[in-house]
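Q: for reference, the sequence and a predicted model appear below.
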Amino acid sequence: MSNPILEIVKDRPLLFDGAMGTMLMKAGKVALKTPILLNLDEPDLVTDIHRQYYAAGADVAITNTFGGSPLKLVADGLEEQMAALNRAAVKLARQACPDGKYVGGDIGPSGKMLKPLGDAAPEDVQASFFSQAEVLIEGGVDLIIIETMFSLEEALAAVRGVKKAGDILLLASMTYTKTPNGFFTMMGETVSQCTAALEEAGADMTGANCTLNSTDTIDLTKELRAATDRPILIQPNAGKPVTSEGVTYYEQTPAEFAADARKIHAAGADMIGGCCGTTPEFIKAVKELLADG
Ligand SMILES: [Zn+2]
């Protein structure tokens, strides 16, 4: 597959954006249960956050559609708005996107456990992701990013759903935790197991995001790098959330995060961004340090 994004990563690190939820919290949307509703209710706020990330140096911003699959929306009675919410999200990111930069359509977990641990049939989960991906692709995203997946089975259902929805560059990012025995998903799957299975199912690129801070992610990057020759995306959290006197902040500073990002890049990450707790200041700091070489 020939794609401008695949060409860029041969030359230089591609920067992704940071957290949407953290920025919404900063804007006073504390503990919002369904941030996806803001795509219709407060579009200017969402567009402004995308603009801030592009201005900070992000090459790719991710749509505000983390909870936008029908199965996830049904839990909040929003399934009938699925198409409208996802379509609006692509439009808002597109409005903010300068020439030469990109919009990634975001797909997060369904919130369901697959059988036999849970009650969701894999084909239903796949159909749900298919429906969301169809709207995102039709809306005009440049790539799709499946992210924060704790279960390989669910991530595979998402990859298969997206592949069925259309011909689009596809990145699948898992969430790993660090144990004394190495890095594993919550379901106990290894990095090499996930990477091989996701690529086999049709993911063009893979990665890791959320839960781990940037320092712990350096070793994880090495494992991912060893598992594939294709581009990899690394999006750590800014440490753990700490709540003090009702205010939540994250442990790491933009400077600490950026210093680690340089090591993550040296360990083989072609694409770097931020997950929970990161803001445009983090992306700007990463951009500056990586530009320094
Ligand atoms: Zn996160």
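A: Done, it's in.

Q: for the chain, what's the longest helix?
A: If each helix of the chain is counted by residues according to DSSP state H, the longest one is helix 122-139.

Q: give me the buried positions along that helix.
A: For helix 122-139, the buried set under the neighbour-count rule, 16 or more other Cβ atoms under 10 Å, comprises 124-137, 139. C-beta here means a position set from N, CA and C on the backbone, and glycine is covered the same way.

Q: alpha carbons only: can I get whichever strand or helix holds Cys210 in CSV?
A: Assessed by DSSP states H and E, Cys210 sits inside strand 205-213. What follows is strand 205-213, C-alpha atoms only, in CSV (Å, rounded to 0.1, in the frame of the first residue of the first chain):
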residue,chain,number,x,y,z
MET,A,205,1.1,-0.8,11.5
THR,A,206,0.9,-1.6,15.2
GLY,A,207,1.8,0.1,18.4
ALA,A,208,1.3,0.6,22.1
ASN,A,209,-0.5,3.2,24.1
CYS,A,210,-1.9,4.1,27.5
THR,A,211,-1.3,2.9,31.1
LEU,A,212,2.5,3.0,31.1
ASN,A,213,4.5,6.2,31.5
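
Q: who are the packing partners of it?
A: The contact analysis (3 or more Cβ pairs under 8 Å, 6 or more residues apart in numbering; DSSP states H and E) places strand 205-213 against strand 143-149, strand 169-174, strand 177-179, helix 191-201, helix 214-227, strand 232-237.

Q: which part of the stretch 51-200 of the chain gets nearest to the ion, residue-wise?
A: Thr148 (6.1 Å; Cβ to the ion).

Q: that residue and Ile62 touch, don't they?
A: No: if you go by Cβ atoms under 8 Å, Thr148 and Ile62 don't touch, sitting 11.2 Å apart.

Q: contacts only, for the residue of the stretch 101-250 of the chain found nearest the ion.
A: Taking Cβ to the ion, the ion has its nearest neighbour within the stretch 101-250 of the chain at Cys210, 3.2 Å off. When contacts are counted by Cβ atoms under 8 Å, 6 or more residues apart in numbering, Cys210 touches Glu147, Thr148, Thr175, Gln235, Asn237, Cys275, Cys276.

Q: which one of the residues you listed is nearest to Gly28?
A: Cys276 (18.0 Å; Cβ to Cβ).

Q: what distance do you get for that closest one to Asn39?
A: 20 Å (Cβ to Cβ, to the nearest Å).

Q: neighbour count: these two, which is higher?
A: Asn39 (26 against 22; other Cβ atoms under 10 Å).

Q: and the residue of the stretch 51-200 of the chain closest to the ion, how far is that from Ala172?
A: 11 Å.

Q: so the closest residue to Ala258 other than its chain neighbours is in which element?
A: Among residues not flanking Ala258 along the chain, Ala285 sits closest, at 3.7 Å (Cβ to Cβ, 6 or more residues apart in numbering). Here Ala285, judged by DSSP H and E, is contained in helix 280-291.

Q: likewise Val46?
A: Going by DSSP H and E, Val46 is part of helix 43-56.

Q: any regions of the stretch 51-200 of the chain where pLDDT drops low?
A: Along the stretch 51-200 of the chain, the model assigns pLDDT under 70 to no residue.

Q: circling back: and of the helices and strands packed on strand 205-213, who's closest to Ala58?
A: Here strand 232-237 is closest among these (Cβ to Cβ), at 11.4 Å.

Q: can you list contacts of that closest one?
A: For strand 232-237, contacts defined as Cβ under 8 Å, 6+ apart pick out 16, 145, 147, 171, 173, 205-214, 216-217, 220-221, 224-225, 250, 257, 260, 264, 268-278.
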